[in-house]
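A.B. asks: can't give you the sequence, but here's the structure:
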């Protein structure tokens, strides 16, 4: 059924959001040493997942979430101390909860054994003694059998309401509190359930619930999403007002709630009498529909999900089974004005908008260029208008890109799990400190950040931090600190992974590099150069390959994947103090800063990130090597000189080097090289267009873009352009060239 | 809406015809997105000669294939009178450079004959069938393999 499916998709989206915040909230809970707000935040997230899962009959998820929630509840009530150990268990419970959600999403079964083990651990946390143990257990038992959680208690409770109503008077005498609770339509619209609230309330003590259905209009006037029912609960419990208010914590403002101390029989009886007085007229309307609703509940939302259902069936479902009625309103955000602060938008729509704005930018540039080519350009009105248009276009582009911008928190939050797992696998104690989680960066970058950061973090824990024993020797606290921070810096995002470990052991790095033939034994390298050896392909200093950071992926792969994104990775290390890996990335992968060059009669764009410098080659700096290769002398070093026009196959004879411009580029695999082009036209930001969308990958080309004149210009893939040049060479030549590149 | 178009398609199809080297060809009009004038292309490196390059189609990068060269009928010297037929091939959009579009035919399935066995790779790969109409013979072009195989381009 379509509407239900879409609600389910929304549910899983919300689950992901809850799970994303849970981890951080749990940690905040520990840091704040059991701050009430923090515990509530965690409880709410788990509770929401459980509630939604119940509505979709995801039994395994519900039962696990329920146990988790129960433990949290104990913590909330102060029956369970917020200790480091307890939080550690809950963090792992959170991981399993995430696995459950994943499993439910794909329709698979979660690892039942792991869940059962964790449930046992959580149950062990919960204090077994206590006066309300009996009542709690009964409810828990009901809750853990997932089928019952969703709907069977619904039947029973309504029966209770009806039953208690007739036998209300005896209980009224001893009532300590009289709570009247009248939900507003908004309460149901925000997926809350009066039934659950009432059940929570009844857990506080012996209670007597009566229904006031007097506001229920005739069937012809009923708004299927309206709220007409209210309840009066007489509570025989020695609880405080706060305890009661807390039950209604989530629905604060969405219902009318009055609390009164029931001092004597009179008031209690009076209240009951009032309700009884008004009951008769409502009787037919009130109770029969409720019973119909019970009958239909097993078939769940079918009448409700179709919004055109007759009022007769829709209203009882909406009022007596709010759980069933609540999903449709979530699909209509208009029903809840408070939700308008944020809206959920399909990513495709945003991407479409970004594409369109990209075209607008190109079109605007084309228009400006065409106008400037004609006489109208002298008309100041036209050029002023064009300037304004350009301004506006830029602003629109920036705003649209901002829609996709997301805080790096999403990635950082996942990292505490990585650090935790890595720490326990290496037997080290690690505290992960994150800073600047609010730093925003385009979604395209966010998606690609996780992998390099994970690897850098593992590296920091595994290789950066010393063992606790070693740390004790040098007088550091046993717990190592890894600092993960993000900040904006000159139009880029910079992410640092810093450890307070022993720093890079330069001697060992150098020896290892010599052993692997990466450098010659008599080379004299600066500290920086030695540090950078770590990122050479095929380098690994770990004495033995550990299963943490030594998963066959070295820092060279991390560096390459970062460079593919137009980023740079740098290291700074101080012996005994620590090592910092710093990665800098563009804020978006949708646009690129490029140098517009011409080669072989074509216009090309070279990514600015890989360009080191540009220079006009002097005749004596260009040397031929072998029959048809050229190297360029740059400050004593010789780098291969690649004619771009030839590499692209647009001309066969290379341009005389002195007539062109050499662009010195830094390539990861092939080292430094110089690209020879005919000339440089300028520097600008270009919108990246995929060649693969309509064609396929082309060697030497990273992507395409559209320039101001409306023509397509290709973006040079520096790595493969140099690579193809070397491949074209004979092995001996390639060796010479590589040696020349140093 | 779909149902009506499908049912009418069963009986008859509309085809866009064009001439190249004294031969007539056609493609299904349902595959054609638009027809536009010749625009200078940006040549691609390491690509087969029949791939003329890419052009900007309202913000998308569109590869243009010299259809005559692709079918082994010799390269086209593109001039302003040439047109690019933009067609859907799977999820891709591809431009086909042709001399010019002649007309639109409505044919029934009966007038489409299987491709004669002439032991020619080009015909086998690119001709889906023969449309005979009023004494004309029009080759119906199969678009699926117009673009080079990825490995062919890399070679």
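C.D. replies: Arrived safely, thanks for sending. Being a predicted model, the structure only gives us computed values, none of them experimental.
A.B. asks: ok, residue 38 - contacts?
C.D. replies: As the question left the chain open, I've gone with chain A. A:25, A:28, A:29, A:32 (C-beta atoms under 8 Å, 6 or more residues apart in numbering or on different chains). Any C-beta I mention is one placed from the backbone N, CA and C, and that applies to glycine too.
A.B. asks: chain B is the one I meant
C.D. replies: Counting by C-beta under 8 Å, 6+ apart, residue B:38 has contacts B:78, B:79, B:80, B:81, B:82, B:83, B:84, B:97.
A.B. asks: just give me the neighbour total for the last one.
C.D. replies: Using other C-beta atoms under 10 Å in any protein chain shown, residue B:97 has 22 neighbouring residues.
A.B. asks: go on, the fourth one?
C.D. replies: Other residues near residue B:81 number 9, with proximity taken as other C-beta under 10 Å.
A.B. asks: got it, and the third one?
C.D. replies: Other residues within reach of residue B:80 by the criterion other C-beta under 10 Å amount to 8.
A.B. asks: work out for me the element it sits within.
C.D. replies: Using DSSP states H and E, residue B:80 sits in no helix or strand.
A.B. asks: from chain A, how far off is it?
C.D. replies: Residue B:80 is 16 Å from chain A, where distance means C-beta to the nearest C-beta, to the nearest Å.
A.B. asks: ditto for the last one
C.D. replies: Look at residue B:97 and chain A: by C-beta to the nearest C-beta, they are 15 Å apart.
A.B. asks: so what's that residue bridging to?
C.D. replies: residue B:66, residue B:84 (DSSP bridges).
A.B. asks: can you check the pLDDT for it?
C.D. replies: On pLDDT, residue B:97 comes in at 92.
A.B. asks: also the fourth one?
C.D. replies: The score at residue B:81 is 86. That number is its pLDDT.
A.B. asks: quick check: it touching residue B:100?
C.D. replies: Yes - counting by C-beta atoms under 8 Å, residue B:81 touches residue B:100, with 6.4 Å between them.
A.B. asks: for chain B, state which of the contacts of residue A:38 is nearest.
C.D. replies: Using C-beta to the nearest C-beta, residue A:25 is the member of those that lies nearest chain B, at 42.3 Å.
A.B. asks: what's the mean pLDDT across the strand ranked longest in chain A?
C.D. replies: Using DSSP state E, we find that the single longest strand of chain A is strand A:479-489. Strand A:479-489 comes out with an average pLDDT of 89.
A.B. asks: C-terminal to the one helix or strand residue A:66 maps to, what's the next element?
C.D. replies: Here residue A:66, judged by DSSP H and E, is contained in helix A:59-76. As assigned by DSSP H and E, the chain's next helix or strand after helix A:59-76 is helix A:84-106.
A.B. asks: elements contacting that following helix?
C.D. replies: Using 3 or more C-beta pairs under 8 Å, 6 or more residues apart in numbering or on different chains; DSSP states H and E, the elements in contact with helix A:84-106 are helix A:2-31, helix A:36-55, helix A:59-76, helix A:112-125, helix A:409-426.
A.B. asks: not counting sequence-adjacent ones, nearest residue to residue B:43?
C.D. replies: residue B:53 (4.2 Å; C-beta to C-beta, 6 or more residues apart in numbering or on different chains).
A.B. asks: looking at the helices and strands packed on helix A:84-106, which is buried most?
C.D. replies: helix A:59-76 (a mean of 23; mean count of other C-beta atoms under 10 Å in any protein chain shown).
A.B. asks: mind giving me the packing neighbours of it?
C.D. replies: helix A:36-55, helix A:84-106, helix A:112-125, helix A:133-144, helix A:146-150.
A.B. asks: just give me how far the helix or strand containing residue A:470 sits from the chain centre.
C.D. replies: Using DSSP H and E, residue A:470 falls within helix A:468-473. In terms of C-alpha atoms, centre = their mean, to the nearest Å, the centre of helix A:468-473 is set 36 Å apart from its chain centre.
A.B. asks: next, the buried residues of that helix.
C.D. replies: Using 16 or more other C-beta atoms under 10 Å in any protein chain shown as the test for burial, helix A:468-473 gives A:468, A:471.
A.B. asks: over to stretch A:566-582?
C.D. replies: A:566-573, A:578-582.
A.B. asks: from the residues you listed, pick the one nearest chain B.
C.D. replies: Distances from chain B to the buried residues of stretch A:566-582, taken by C-beta to the nearest C-beta, are shortest for residue A:566, at 19.3 Å.
A.B. asks: tally of neighbours for the closest residue to that closest one other than its chain neighbours?
C.D. replies: Distances taken as C-beta to C-beta, 6+ apart place residue A:609 nearest to residue A:566, at 4.5 Å, with adjacent residues excluded. Using other C-beta under 10 Å, residue A:609 is surrounded by 20 other residues.
A.B. asks: tell me the pLDDT at residue A:609?
C.D. replies: 80.
A.B. asks: likewise residue A:523?
C.D. replies: For residue A:523, the pLDDT comes out at 77.
A.B. asks: helix or strand: which one has it?
C.D. replies: Residue A:523 belongs to no helix or strand, assigned by DSSP H and E.
A.B. asks: tally up the residues packed near the closest residue to residue A:260 other than its chain neighbours, please.
C.D. replies: Distance criterion C-beta to C-beta, 6+ apart; nearest residue to residue A:260, sequence neighbours excluded, is residue A:178 at 4.6 Å. As a burial measure, residue A:178 scores 22 neighbours (other C-beta under 10 Å).
A.B. asks: tell me which element residue A:178 is part of?
C.D. replies: strand A:177-183.
A.B. asks: low pLDDT regions in chain A?
C.D. replies: For chain A, the stretches flagged by pLDDT under 70 are A:1-3, A:34, A:127-175, A:262-340, A:375-378, A:537-538, A:540-554, A:668-669, A:725-742.
A.B. asks: ok so, going back, export the helices and strands packed on helix A:59-76 as a markdown table, with columns for distance to residue A:342.
C.D. replies: Output for those, formatted as a markdown table (distance: least, C-beta to C-beta, whole Å):
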| stretch | distance to residue A:342 |
| --- | --- |
| helix A:36-55 | 16 |
| helix A:84-106 | 21 |
| helix A:112-125 | 32 |
| helix A:133-144 | 31 |
| helix A:146-150 | 29 |
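A.B. asks: so which of those helices comes closest to residue A:188?
C.D. replies: Residue A:188 lies closest to helix A:36-55 among the helices and strands packed on helix A:59-76, at 12.7 Å (C-beta to C-beta).
A.B. asks: can you show me the helices along chain B?
C.D. replies: B:2-11, B:67-70, B:121-126, B:150-154 (DSSP state H).
A.B. asks: any residues of the stretch 501-650 of chain A in contact with chain B? List them.
C.D. replies: A:602, A:603, A:647, A:648, A:649, A:650 (C-beta under 8 Å from any C-beta of the partner chain).
A.B. asks: before we move on, what about chain A?
C.D. replies: Residues of chain A lying near chain B (C-beta under 8 Å from any C-beta): A:355-356, A:358-359, A:362, A:602-603, A:647-650, A:689-691, A:693-701, A:704, A:706, A:710-714, A:724.
A.B. asks: quick one: which of the residues you listed sit in helices?
C.D. replies: Going by DSSP H, the helices hold A:355, A:356, A:358, A:359, A:362, A:647, A:724 from these.
A.B. asks: did I read that right, residue A:187 in a strand?
C.D. replies: No - under DSSP: H, G, I helix; E, B strand; the rest coil, residue A:187 falls outside any strand and is assigned helix.
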